[in-house]
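> give me a model of this one.
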Amino acid sequence: MIDEYVLKYITDFMKLCKKCNKYDIYNNKKQCSICNDFYCSDCKTNLIDVYGFYKSKYCIECNKLIGF
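Alright, predicted model coming up:
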């Protein structure tokens, strides 16, 4: 039987996708730099790479807000 603390430790590595409500492994590469919305591996196409002094990822809504 799995202890509740072990289960919490496992779920800390997972996060819920904003678009499809599916859990995926948490990774900063799949998160918007402005609003911090997380997208799963299937929905990460909603993130747009923006190159400035360093590479940033913006979701479609934040990209429209900034106007790039």
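
> C-alpha from now on. contacts and neighbour counts both.
Will do.

> list the contacts for residue 24?
14, 15, 16, 17, 40, 41 (Cα atoms under 8 Å, 6 or more residues apart in numbering).

> helices of this protein, start to end?
Assigned by DSSP state H, the chain shows helices spanning 4-11, 60-66.

> distance of residue 48 relative to residue 13?
From residue 48 across to residue 13, the span is 24 Å (Cα to Cα, to the nearest Å).

> the two - which one has more neighbours?
More crowded of residue 48 and residue 13, by other Cα atoms under 10 Å: residue 48, with 15 against 12.

> pretty sure the more buried one contacts residue 61?
No: here residue 48 does not reach residue 61: they are 10.3 Å apart, not a contact under Cα atoms under 8 Å.

> so where's this protein uncertain?
Counting by pLDDT under 70, the chain has low-confidence residues at 68.

> report the beta-bridge partners for the most centrally placed residue in it.
Closest residue to the average C-alpha location of the chain: residue 38 at 2.2 Å, with Cα atoms, centre = their mean. Beta-bridge partners for residue 38, by DSSP bridges, are residue 31.
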